[in-house]
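Student: predicted coordinates and the sequence they were generated for:
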Amino acid sequence: MNLPGQYRLLNLISGWVVFVLAAFVYLLTLEPTASFWDCGEYIACAWGLESGHPPGAPFFLLMGRVFGLLSFGNVNNVAVMVNAMSGLASAATVMFLFWTITHFAKKIVVRYDQKFSQSRMVLIMLAGMCGSLTYAFTDSFWFSAVEGEVYALSSLFTAVVFWAMLKWEEQADHVSSDRWIVLIAALIGMSIGVHLLNLLTIPALVMIWYFRKNHRVTWKGISGALVVGVLLLGLVQDVLIPGIVKLAGKAELLFVNDFGMSFNSGIIAFFIGVILILLGGILFSIVKKHRVVNVVFLSLTVLLLGYSSFLVIVIRANAGTPINENNPSNPVSLLSYLNREQYGDWPLFYGPQFNTPADAEQPWIDGTPVYVKDEKSGRYIISDDRKGSETNYDERGCVLFPRMHSASHESAYKNWVDIKGETTVFTYADGKSTTVNIPTFSENMQFFVTYQVGWMYLRYFMWNFAGRQNDFEGYGGDAEGNWQSGLSFIDDNRIGDHKVLPPLLKANKANNKYWFLPLLLGIAGIFYHIKHGKRDALITALLFLFTGMAIVFYLNQTPWQPRERDYAYVGSFYAFAIWIGLGVLNIYEWRNKIKRTLALGLAVLFSGLVPFIVLIQNWDDHDRSGRTVAQDLAVAMLNSCEKNGILFTYADNDTFPLWYAQEVLGVRKDVRIICLSLFRSDWYIDQAKRKQYDADPLPISMNSWQYREGTRDWLTIDVSEDTMLLENVVEFFSTDDFQYQYETVSGDTVNYLPTRYVKLAADNDSGSIQWTIPGNYILKDQMIILDILAHNKWKRPIHFAVNMPMSCYGGLGEYLQLEGLTYRLVPTANKREDADLVERPQVNLEKSYDLIMRQFQWGGLNDPRVYADETVQRMFSDPYRYSCAITAHALAESGMNEQASAVIRKCSQNIPATQILPDDYWISMTDAAWLCGDYKLGNQLANEAFDHAIACIRWYTTLPNISGDYLSKKEEIQMLYGLAEMYGQATLTTKWKPQMDALGIPVAE
């Protein structure tokens, strides 16, 4: 076999070796059940082919369904099979990255080393393996590879599309090369049904085409190709994807509302027209033998075929599946679904600031009307005309490049930028005026550079190629979520002295150090690429920038993000990994300065050392095997509910695992789950009025038109001191009689609550419960809860998840009883003098004790090898530790000391401080241990908390940007005060007080 043949075979085999190695690691470290965030929802929706949150991921769901079926009827294996799909997709991504690196490396080696020897083939393979395996084990990419989320499959599409364009480049002189263009179009179409990240490769693809088709390259041509690439990206994302659905919706409205035809007639007519146009174009190109037209129409056809996976969303929405978010059952509602309208919009190039007032003459503008199906009339009717629904901002307060745009984040912006602003006077129609300091363009740029680029991109970049401090979510402080290198002379001046790092933080599995090796190798690869392949370096740079900085620009993120967002930039890290691989060639180039064998040895060393270091450092915080936290939490919460109960939850992380438990595992399908963050949507209230699984419809009296979007979105509360029956209150705010409404300044008539003081007949009509509705208004979710309470009449048990904000309980705290991981509404008030829903609620002792001691599963956290990341710690401590602490305290107060001690031991052994750090609930368990007389256990817990807190504060004092105000707010300081208050001066004098005095922490004598 000649050398080119040997190379092709070696390249093919080596790529598959990389796939096997990566797949082996991913399958070993898979999470065996659903994870937190969107994973539970995605796995449930894949198993039942249901409609998840916008904009949907139908192709992912179809693939997930296929992999789920490989569980062969064992529902306990469905999640692990969907997770395995992510693992295999990620391994395939790494394989295509390998082939991408070897493609670039071969072009350089063959061009500059005329002798294409076996040693050079091996060098190319080493470059490919180094770059691809380093990327395989990076923090952000590995995270997505072991859970059932869209990002792994999306990365695969990105990798294959980029690789396919390189294959086209190799064969561009042959007619058969057109097949690669058609394949790329098909892949892009399918990828839309997973995630839009793939579209960001388009500018790089256009640049590959330009360089291949033009031997004489000019800066003007490069600029033109870049403009074409950006325009093509915008055409696909902003015109084609929503445009097809928008036109289908207009056709549907035309045929149904104007022509009087049946539902779906417009959709059918539209798609018949699209098919005829595509077929006509293809036939025309064949008859006229027009190659370009043929490629265009074939590409458009396969792209739309791939995009057609969204028909699954519409079909299943019409089937009324249990999970049917936004009910995208027709093109009209599908357009809103695809545009993610429920998440709002934000300015990019030009727009308002966080303090820009509305225009004085026209403060409001009309939005897009909302259409819904009306089965009675056989037409689509407007449920909300959206007149005056959008703010029209004063132009004088709008700027170019508005980065600080969110009114709810004003204080957060000021934490990042010292905003002086430009003083602007706004005068209103009534002659009054107000003065506002509008942030300037330079201040917006400062926020963009420091927060959006520095904190929300470069920090993640350094996580992956330098090292990571810990897995705590970072908000800009020195102690949480920073990058590190492992070199103390660099790190200590940034994030504190690591020699005094608290033992529990030093043991944090995400405390990873790569000593800059991947970063330096990548930088070496950049210089090597520019030196030996400027065109390919520019192509890689475009991929790097459009999957990195372009996303930073587009997202325009605000501070206080609910989670770290590094997963959004894995495409950019993918591009940098190409340069890591080429860095190996740069090392070998040192042969001109050192001995050839030494240069080759260093290349071999670095090609193995860098991925090995990243693998070893990241293994323990990416190994999710044995972790069942989300599933165990969901099952425990469902089992905390009484039969046929109604369970109110708050948001994604406490709801999606419950959906997974019911839909996939079949656990407690008699319980009706209601997510309050969705309960403000009319479509979700509609679904709540229908039977789901074994759970009956909710007793909601209001008709759908009474809570449609734009109707009763919020109700103000009257100042009346009267106490009214809840049934009468509900009747009052649900009526359309003008005498029970009031007129707003704009002339609209709206409903309101006649009083905040309400009562509800108790069970069996023996008296009543009375409570006060807090606040000055209620939103739609609380309005519907009042309707349910009024008409349930205690027939079905009502539960609230314990880990919700206080506002979600609607003032009912006095009548909520702790039962496991839920509060159950009961007709008897908490009679404790120190009654408090959080600190001292009512407790069903028998049930809670039985749940904790005999039914709860603990997520595998009693095994030190199981990794508890920041989300696990936050989601499991509250409610698990909370429930155990409150139950133990109540047991001790009731004289059941042995049971109280048993509960504390059960919790502290299964959720040790080495897994979830001591917190307020740990202190509460300590207090309960002392109260029940188990002083040995109490001292053990107290000492663990004290030692950790003191160690943390000692470390905090070494942080460069620490302040007394910041330090006083730290949880560890509060723990010390709590311990001091509990245990008095005797304990403080003997052990704790001297250490607290040494650190300057005041303790009252």
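Tutor: The structure has been received and is ready for your questions.
Student: tell me the phi and psi of the closest residue to residue 897 other than its chain neighbours?
Tutor: Excluding the flanking residues, the one nearest residue 897 by C-beta to C-beta, 6 or more residues apart in numbering is residue 932, at 4.0 Å. Just so you know, the C-beta spots here come from the backbone N, C-alpha and C atoms, and that holds for glycine as well. When read as degrees, to the nearest 10, the backbone of residue 932 gives phi -90, psi 0.
Student: swap in residue 753?
Tutor: Main-chain dihedrals, residue 753, degrees, to the nearest 10: phi -90, psi 130.
Student: which residues touch the nearest residue to it once chain neighbours are set aside?
Tutor: In space, and not counting its chain neighbours, residue 753 is closest to residue 717: 4.5 Å by C-beta to C-beta, 6+ apart. Under the criterion of C-beta atoms under 8 Å, 6 or more residues apart in numbering, the contact list for residue 717 reads 752-753, 755-756, 773, 775-778.
Student: 10 Å instead?
Tutor: For residue 717, the contacting residues are 733, 752-757, 773-778, by C-beta atoms under 10 Å, 6 or more residues apart in numbering.
Student: can you say which of the residues you listed are buried?
Tutor: Buried members of the contacts of residue 717, counted by 16 or more other C-beta atoms under 10 Å: 733, 752-757, 773, 778.
Student: next step: the residues you listed restricted to strands.
Tutor: Those of these mapping onto strands are 752-753, 757, 778, per DSSP state E.
Student: any stretches of the stretch 301-450 of the chain with poor pLDDT?
Tutor: Applying pLDDT under 70 to the stretch 301-450 of the chain picks out residues 388, 429-430.
Student: surely residue 769 is in a strand?
Tutor: Yes. Secondary structure assignment places residue 769 in a strand (DSSP: H, G, I helix; E, B strand; the rest coil).
Student: what residues sit buried inside stretch 518-528?
Tutor: By 16+ other C-beta under 10 Å, the buried positions in stretch 518-528 come out as 518-526, 528.
Student: next one: stretch 734-742
Tutor: For stretch 734-742, a neighbour-count test (16+ other C-beta under 10 Å) marks 734, 741 as buried.
Student: same question for stretch 381-401.
Tutor: Using 16+ other C-beta under 10 Å as the test for burial, stretch 381-401 gives 383-384, 386, 389, 393-394, 397-399.
Student: from residue 150, how far off is residue 142?
Tutor: From residue 142 over to residue 150 the distance is 16 Å, taken as C-beta to C-beta, to the nearest Å.
Student: and residue 852, by the same measure?
Tutor: As judged by C-beta to C-beta, residue 852 and residue 150 stand 36 Å apart.
Student: can you tell me the element residue 203 falls in?
Tutor: Assessed by DSSP states H and E, residue 203 sits inside helix 202-213.
Student: can I get that helix in CSV? Just the C-alpha atoms.
Tutor: Provided in CSV are the C-alpha atoms of helix 202-213 (Å, rounded to 0.1, in the frame of the first residue of the first chain):
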residue,chain,number,x,y,z
ILE,A,202,-22.2,29.1,8.3
PRO,A,203,-19.8,32.0,8.0
ALA,A,204,-16.8,29.6,8.3
LEU,A,205,-18.3,27.3,5.7
VAL,A,206,-18.7,30.2,3.3
MET,A,207,-15.1,31.2,3.9
ILE,A,208,-14.0,27.7,3.0
TRP,A,209,-15.9,27.9,-0.2
TYR,A,210,-14.4,31.3,-1.0
PHE,A,211,-10.8,30.2,-0.5
ARG,A,212,-11.3,27.0,-2.4
LYS,A,213,-12.9,28.7,-5.4
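Student: for it, name the packing helices and strands.
Tutor: In terms of contacts (3 or more C-beta pairs under 10 Å, 6 or more residues apart in numbering; DSSP states H and E), helix 202-213 is packed against helix 150-171, helix 178-192, helix 219-234, helix 534-546.
Student: next SSE after the shortest one?
Tutor: The reference is to helix 534-546. Counting by DSSP H and E, what follows helix 534-546 is helix 549-555.
Student: which residues sit against that next one?
Tutor: With C-beta under 10 Å, 6+ apart, helix 549-555 has contacts from 197, 200, 203, 230, 233, 237, 346, 348-349, 401, 403, 448, 451-453, 456-458, 542, 544-545, 557, 561, 565, 568-569, 571-572.
Student: and the helices in the stretch 701-850 of the chain?
Tutor: Using DSSP state H, counting those that start in this stretch, the helices found in the stretch 701-850 of the chain span residues 726-734, 780-792, 845-850.
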